[in-house]
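Colleague: what's the 3D shape of this:
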Amino acid sequence: MRERRGVEWSLLGLLAITLGIAGCAAQSDVEQVSQNEQSMRQMIANDQQQIDAMHQQIAQLNDRLTELQHNDSGGGSKDVAALRDRVAKLESQVNATAAGTPPIAGAPGAPGAPGVPGVPGAAPGAPESASVAPGEGAAPAAPPPVPAVAGWETALDQELAAAGNSAEPGSRVYRDGLIDMKAGRYANAIAKFQAFQRAHPKSPLDEPAEYFSANALFELGARDPANYNQSILQFNDLAMRFPRGRFAASAQLREAQAFLRTNDSLDARLTLQKLVRDHPGTPEATAADAMMKSMASS
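Modeller: Down below sits the predicted model:
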């Protein structure tokens, strides 16, 4: 009898352990599902933000198209045709992003292979030793000469000094992105800036994080011109969200330079005109005037 009770207690003990393990496994599954759901929500939010930015850009281009058509009653100028083509490409990309399918090749803002958004073939933290093979792809056009304007490198040093004493939540991640940026690890910098923006979308550091992220994409354009398109979207988004921000004028100037790197002189000129209207008297406006004169004479 005593042996039987001992066996029963042993069986009960094994059953309790089994249930405990099953409970832990179930809890682990619940946590995994919750993490997956959170990641999915963030992906959807990022896609929606990109779609909204492209919708705004399409609206601006349609306004420009209406103005050009009004000035050109025949509607047959090269500028009008180029603008219509750009609107069509952007609309195609909006539809592709909304449907969760890859955008058409060559469309403005087309991202690359899976990895860091906008950095083709690069994963967060991946080394940046890869380069485009000789003879692969068309060489980007060199931009016209521009008067000396303080670039992102100067702003970067100032931000690094300020971020070291910042008490803002997430400032450590932001500062790590700046350090990667200064070291030329642009893909790593983009990953950290975007992680910071996802976690702290209302932070006062959100504007500089997007500015430096866009500049990192611009720098990566030398390896893959598709990154210039991504930088255009980010510079445009920054200028719209922070029209009187610290980096608004610089963002518009760099956006125009990125358009020139993609041989889109029409949008470059329109962006420069907007910069002069929005930020008169700034060094960036002076540079924009010089660029437009250089473009007109070439």
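Colleague: tell me the confidence at the nearest residue to Thr262 once chain neighbours are set aside?
Modeller: Excluding the flanking residues, the one nearest Thr262 by C-beta to C-beta, 6 or more residues apart in numbering is Tyr228, at 5.2 Å. In short, each C-beta sits where N, CA and C put it, glycine included. pLDDT, Tyr228: 95.
Colleague: let's have the chain start at 53 instead
Modeller: Done: numbering now begins at 53, and the last item shifts to Tyr280.
Colleague: what about Tyr280? Give its phi and psi, please.
Modeller: phi -60, psi -40 (degrees, to the nearest 10).
Colleague: low-scoring stretches of this structure, by residue?
Modeller: Applying pLDDT under 70 to the chain picks out residues 53-109, 111-136, 139, 141-200.
Colleague: how is it carved up into domains?
Modeller: 90-158, 204-349 (automatic domain parsing).
Colleague: about what we covered before: residues in contact with the residue nearest to Thr314?
Modeller: Pro192, Leu269, Phe270, Gly273, Ala310, Arg313, Thr314 (C-beta atoms under 8 Å, 6 or more residues apart in numbering).
Colleague: most neighbours among those residues, which one?
Modeller: Sorting these by how many neighbours each has (other C-beta atoms under 10 Å) puts Ala310 first, at 31 neighbours.
Colleague: helix/strand/coil for it?
Modeller: When classified by DSSP: H, G, I helix; E, B strand; the rest coil, Ala310 comes out as helix.
Colleague: hmm, it is touching Ile284, no?
Modeller: Yes. Counting by C-beta atoms under 8 Å, Ala310 does reach Ile284; the two are 4.8 Å apart.
Colleague: list the buried residues of the helix or strand containing Ala291.
Modeller: Here Ala291 sits within helix 278-293, counting by DSSP states H and E. Going by neighbour count (16 or more other C-beta atoms under 10 Å), the buried part of helix 278-293 is 278-291.
Colleague: need those in TSV (columns: distance to Ala247).
Modeller: Listed next are these as TSV, based on distance: C-beta to C-beta, whole Å:
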residue	distance to Ala247
Ala278	22
Asn279	19
Tyr280	23
Asn281	22
Gln282	17
Ser283	18
Ile284	22
Leu285	19
Gln286	15
Phe287	20
Asn288	22
Asp289	17
Leu290	18
Ala291	23
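Colleague: what segments of the stretch 203-350 of the chain are helices?
Modeller: For the stretch 203-350 of the chain, the helices defined by DSSP state H, counting those that start in this stretch cover 204-215, 223-234, 238-251, 258-272, 278-293, 300-313, 317-330, 335-349.
Colleague: dump these to CSV, plus distance to Asp137.
Modeller: Shown next, in CSV, are the helices of the stretch 203-350 of the chain (distance: least, C-beta to C-beta, whole Å):
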stretch, distance to Asp137
helix 204-215, 31
helix 223-234, 34
helix 238-251, 29
helix 258-272, 23
helix 278-293, 14
helix 300-313, 14
helix 317-330, 10
helix 335-349, 19
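Colleague: between these, which one is closest to Ile110.
Modeller: For these, the distance to Ile110 is smallest for helix 278-293, at 11.3 Å, taking C-beta to C-beta.
Colleague: for the helix holding Ala291, output the C-alpha coordinates as CSV.
Modeller: Only the C-alpha atoms of helix 278-293 are listed here, as CSV (Å, rounded to 0.1, in the frame of the first residue of the first chain):
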residue,chain,number,x,y,z
ALA,A,278,18.5,54.0,-55.6
ASN,A,279,19.5,55.4,-52.3
TYR,A,280,19.3,58.9,-53.7
ASN,A,281,15.5,58.3,-54.2
GLN,A,282,15.1,57.3,-50.6
SER,A,283,17.0,60.3,-49.4
ILE,A,284,14.7,62.5,-51.5
LEU,A,285,11.6,61.1,-49.7
GLN,A,286,13.2,61.7,-46.3
PHE,A,287,14.4,65.2,-47.0
ASN,A,288,11.0,66.1,-48.4
ASP,A,289,9.2,64.5,-45.4
LEU,A,290,11.5,66.5,-43.0
ALA,A,291,10.9,69.8,-44.8
MET,A,292,7.1,69.2,-44.7
ARG,A,293,7.0,68.1,-41.0
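Colleague: compute the inter-axis angle for it and helix 300-313.
Modeller: Computed by axes from the mean of the first three to the mean of the last three C-alpha atoms, to 10 degrees, the angle separating helix 278-293 from helix 300-313 equals 150 degrees.
Colleague: the inter-axis angle of helix 278-293 versus helix 238-251?
Modeller: Using the same axes, to 10 degrees: helix 278-293 against helix 238-251 is 30 degrees.
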